[in-house]
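Visitor: structure for the following, please:
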Amino acid sequence: MKYIEIIAEHTSAKNIATISEKVKAEDFRLGGIGDDGMQQMRMLVSNDNVQLALDTLQNILGAQATAHIVVLSIEAMLPRQVEEDADKEDSAISAREVLYEDVERGAQLDSNFYILVTLSTIVASIGLIEDNVAVVIGAMVIAPLLGPNLALSLGTALGDVRLIRKSALTLFVGLTLSTLLSIFLAYIIPMETSSKELLSRTTASFDSILLALASGAAAALSLTTGLSGVLVGVMVAVALLPPAATLGIMLAKGHIMQAAGAGLLLLVNVVCVNLASKLVFFFKGIRPRTWFEQEQAKKSMLRYTIAWVATLLILLLLIFTRIYQ
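Guide: Numbers count the residues shown, from 1 in each chain. Got it, this is the predicted structure:
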């Protein structure tokens, strides 16, 4: 359940009360009217109807420059919901605006992002060189690569060019920084390149495709259902950060074939993670609000999906050629 709080002109109260009935609000309350003619209104809405309520309210209040709509989460509610209703709430899709805010925050290219990429790359490189699985997993926990991947997929689903560009830049910078930093580490730290953890990231195979697809789908599902994305973030980082670090290490040591394998694995994982999350957003019904925006989003989704699928087919051909050459 969510509380939707509306601050609007008091003359809109009747229309908003009608909207509360349309979205089957559990409760609808009117507050007092302020000196400025604005009135506070609040409705209790199930998660399944939050998006419908927000879209309808925006259509009604769009002309009011001083109107505000705020979505408030509910930590607990008494008396408790019956089990059937609770299960329905747990499986409900989060509102589009809530998804957008969470995802955009994760795609910020700021000092925290640079620091986390740097630290996770250092830890991952040491783990790969020392053949220490626990250290590699530790690096995945702090790697901030889930955000830009989800933002890129959501931007495609909504046809939001600004979000697409922003997230693509963040993802590119993150992977490039990781690769360059691992090159630098390989130059200054004496190391061998024969560890299993390192060599396992120099070969792209069909099971790595399945892993990346599963990671991308799980990431989008964790976001749309409101479940914790911490473990999913680790899955996505596993698919992206170690291959990027391996690519840098192998380039620094002059092992071109192994570096090419790591680069191929990295590209395959990027494509699969984004393709899978895009499809989940599509089938979950994440759409823009207006008809025009929906048409633009359909075109964007089609173009980007075709591009990702075509790229994946080319990469599959390269994998097949490397395996059977």
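
Visitor: and Tyr3, helix, strand or coil?
Guide: Look at Tyr3: counting by DSSP: H, G, I helix; E, B strand; the rest coil, its state is strand.

Visitor: which residues touch it?
Guide: For Tyr3, the contact set (Cβ atoms under 8 Å, 6 or more residues apart in numbering) comprises Arg42, Met43, Leu44, Val45, Val71, Leu72, Ile74. Quick note: C-beta positions are derived from backbone N, CA and C, even for glycine.

Visitor: counting neighbours, what do you get for the fourth one?
Guide: Close neighbours of Val45, defined as other Cβ atoms under 10 Å, add up to 25.

Visitor: which helix runs longest in this protein?
Guide: helix 291-324 (DSSP state H).

Visitor: against which helices or strands is that one packed?
Guide: Helix 291-324 sits against helix 146-158, helix 206-224, helix 256-283, with contacts defined as 3 or more Cβ pairs under 8 Å, 6 or more residues apart in numbering; DSSP states H and E.

Visitor: list the buried residues of that helix.
Guide: Gln296, Ala297, Ser300, Met301, Tyr304, Thr305, Trp308, Thr311, Leu312, Leu315, Ile319 (16 or more other Cβ atoms under 10 Å).

Visitor: please report how far Gly261 lies from Val268.
Guide: 11 Å (Cβ to Cβ, to the nearest Å).

Visitor: my error: substitute Tyr114 in the last question.
Guide: From Tyr114 to Val268 the distance is 26 Å (Cβ to Cβ).

Visitor: residues near the residue nearest to Ile4 when sequence neighbours are not counted, how many?
Guide: Nearest non-adjacent residue to Ile4, counting by Cβ to Cβ, 6 or more residues apart in numbering: Met43, 5.2 Å away. By other Cβ under 10 Å, the residues close to Met43 number 23.

Visitor: what helix or strand is Met43 located in?
Guide: strand 38-45 (DSSP states H and E).

Visitor: which stretch of helix or strand covers Leu30?
Guide: Going by DSSP H and E, Leu30 is in strand 27-33.

Visitor: give the helix, strand or coil label for the spatially most distant residue from the centre of the chain.
Guide: Computed with Cα atoms, centre = their mean, the residue of the chain farthest from its C-alpha average is Asp35, at 42.7 Å. Here Asp35 is recorded as coil under three-state DSSP.

Visitor: quick check, pLDDT for it.
Guide: Asp35 is assigned 88 on the pLDDT scale.

Visitor: how near is it to Ala17?
Guide: For Asp35, the distance to Ala17 - Cβ to Cβ - is 23 Å.

Visitor: same check on Ile142?
Guide: The separation that Ile142 has from Ala17, given Cβ to Cβ, amounts to 48 Å.

Visitor: now do the phi/psi pair for the closest residue to Ala186 other than its chain neighbours.
Guide: Spatially, and ignoring its direct neighbours in sequence, Ala186 is nearest to Ala252 (3.4 Å; Cβ to Cβ, 6+ apart). Torsion angles at Ala252 (phi, psi; degrees, to the nearest 10) stand at phi -60, psi -30.

Visitor: mind listing what Ala252 touches?
Guide: Ser182, Ile183, Phe184, Ala186, Tyr187.

Visitor: what sits against Lys196?
Guide: Contacts of Lys196 (Cβ under 8 Å, 6+ apart): Asp131.

Visitor: and stretch 255-273, C-alpha only, in CSV?
Guide: The C-alpha trace of stretch 255-273 is given here as CSV (Å, rounded to 0.1, in the frame of the first residue of the first chain):
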residue,chain,number,x,y,z
HIS,A,255,48.7,-11.6,-23.6
ILE,A,256,46.7,-10.3,-26.6
MET,A,257,44.6,-13.5,-27.2
GLN,A,258,43.6,-13.8,-23.5
ALA,A,259,42.8,-10.1,-23.5
ALA,A,260,40.6,-10.5,-26.6
GLY,A,261,38.8,-13.3,-24.8
ALA,A,262,38.2,-11.2,-21.7
GLY,A,263,37.0,-8.3,-23.9
LEU,A,264,34.6,-10.6,-25.8
LEU,A,265,33.3,-11.9,-22.5
LEU,A,266,32.8,-8.3,-21.2
LEU,A,267,30.9,-7.3,-24.4
VAL,A,268,28.7,-10.4,-24.2
ASN,A,269,27.8,-9.7,-20.6
VAL,A,270,27.0,-6.0,-21.2
VAL,A,271,24.7,-6.9,-24.1
CYS,A,272,23.0,-9.7,-22.3
VAL,A,273,22.4,-7.9,-19.0
